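Undergrad: heads up, no residue letters with this:
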Ligand SMILES: Cc1cc2nc3c(=O)[nH]c(=O)nc-3n(C[C@H](O)[C@H](O)[C@H](O)COP(=O)(O)OP(=O)(O)OC[C@H]3O[C@@H](n4cnc5c(N)ncnc54)[C@H](O)[C@@H]3O)c2cc1C
């Protein structure tokens, strides 16, 4: 029920879809109007609850893609072909359709515009979503912390926010973007299709001497691999923040 306090300021809100944008062949960005939404920090997530006519509910967790924008928020969802919730969100939900949102959730995997240290962002697939909220928040606040994004995707077509990321990187205001391809790389790519590895991290990450903070997000295996390579590069565990996009349950 909208506005029901769970604990602290966590509440369920009724959200109405105002826009659905195809992000890639298998992912959509969804913009919701959420009356009463208290705002959020970049990196936080929400629980989305779908309710069937017979009362059955399904709950899944989604990161917020947008910087704070009043009572609106944007999610980006990747289609899991056998999934219960993501096919509805990516392909079926129509403008005006309501659903329930609990949040904002999470206080550790966040970036705030008053942070000054270099931010090393590493994304695998849909793990770009909360990192994009950080990039957008940095831009919105005119913050000067240096950012580097290393974004691992299957192919050029699988890049979320491709035009926006390229434009932000071209603005040359302290955000560097590197794409790494696992299945199909563009012809002008200096690196063939392969998974991220220690040399790639060593070549692209901020040096430890710059006191960076790393945010790593993606499927569990990707996060574990990237964290291992950062550790090899000398990052202390306390300077690596992670978010795993493992499956979440139903209720
Ligand atoms: C903190 C957090 C943030 C998340 N943020 C996002 C986000 O911004 N965008 C997004 O698209 N997803 C995100 N997810 C994943 C999301 O919660 C769902 O797991 C995903 O949308 C699949 O739900 P489903 O109901 O379609 O599939 P389900 O019915 O739950 O599962 C269908 C099949 O897919 C497998 N599966 C489910 N989820 C995953 C997964 N993430 N990776 C690999 N296999 C999986 C299941 O094991 C099962 O075999 C996040 C998860 C967490 C925990």
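TA: Yep, that arrived. On a predicted model such as this, the values are computed, not experimentally measured, just so you know. Residues are numbered from 1 along each chain as shown.

Undergrad: How about residues contacting stretch 188-201?
TA: Stretch 188-201 is contacted by residues 122, 124, 150, 152, 180-185, 222, 225-226, 229-230, 232-233 when judged by Cβ atoms under 8 Å, 6 or more residues apart in numbering. Where C-beta positions appear, they are placed from N, C-alpha and C, glycine not excepted.

Undergrad: ah, wrong one, I meant stretch 237-246
TA: 43, 45, 63, 108-109, 125-127, 130, 211-220, 223, 227, 230-231.

Undergrad: again with stretch 68-75
TA: 15, 18, 29-37, 39-40, 46, 48, 62-66, 89, 101, 129, 137, 140.

Undergrad: what about residue 174, distance to residue 65?
TA: 21 Å (Cβ to Cβ, to the nearest Å).

Undergrad: Comparing these two, which residue is more hemmed in?
TA: residue 65 (25 against 14; other Cβ atoms under 10 Å).

Undergrad: and whatever residue of the stretch 1-150 of the chain ends up closest to the ligand, helix, strand or coil?
TA: Scanning the stretch 1-150 of the chain for the residue nearest the ligand gives residue 83, at 2.0 Å (criterion: Cβ to the nearest ligand atom). Classification of residue 83 using DSSP: H, G, I helix; E, B strand; the rest coil returns coil.

Undergrad: That one: how many residues sit nearby?
TA: When neighbours are counted by other Cβ under 10 Å, residue 83 comes out with 16.

Undergrad: One more: residue 28?
TA: Applying other Cβ under 10 Å, we find 20 residues neighbouring residue 28.

Undergrad: Touching, it and residue 88? I think so.
TA: No. If you go by Cβ atoms under 8 Å, residue 28 and residue 88 don't touch, sitting 10.7 Å apart.

Undergrad: Contacts only, for the residue lying closest to residue 158 once chain neighbours are set aside.
TA: Spatially, and ignoring its direct neighbours in sequence, residue 158 is nearest to residue 24 (5.4 Å; Cβ to Cβ, 6 or more residues apart in numbering). Neighbour list for residue 24: 157, 158, 159, 160 [criterion: Cβ under 8 Å, 6+ apart].

Undergrad: can you do 10 Å?
TA: Going by Cβ atoms under 10 Å, 6 or more residues apart in numbering, residue 24 touches 76, 78-79, 90, 126, 153-162.

Undergrad: Residue 77 too?
TA: Going by Cβ under 10 Å, 6+ apart, residue 77 touches 20, 23, 26-30, 48, 60, 62-63, 65, 83, 85-91, 93, 126, 129.

Undergrad: Around the ligand, pick out the residues from this structure.
TA: 45, 60-63, 76-78, 80, 82-86, 126, 129, 219, 243, 245-248 (Cβ under 6 Å from any ligand atom).

Undergrad: If anything else comes up later, I'll come back, but that's it for now.
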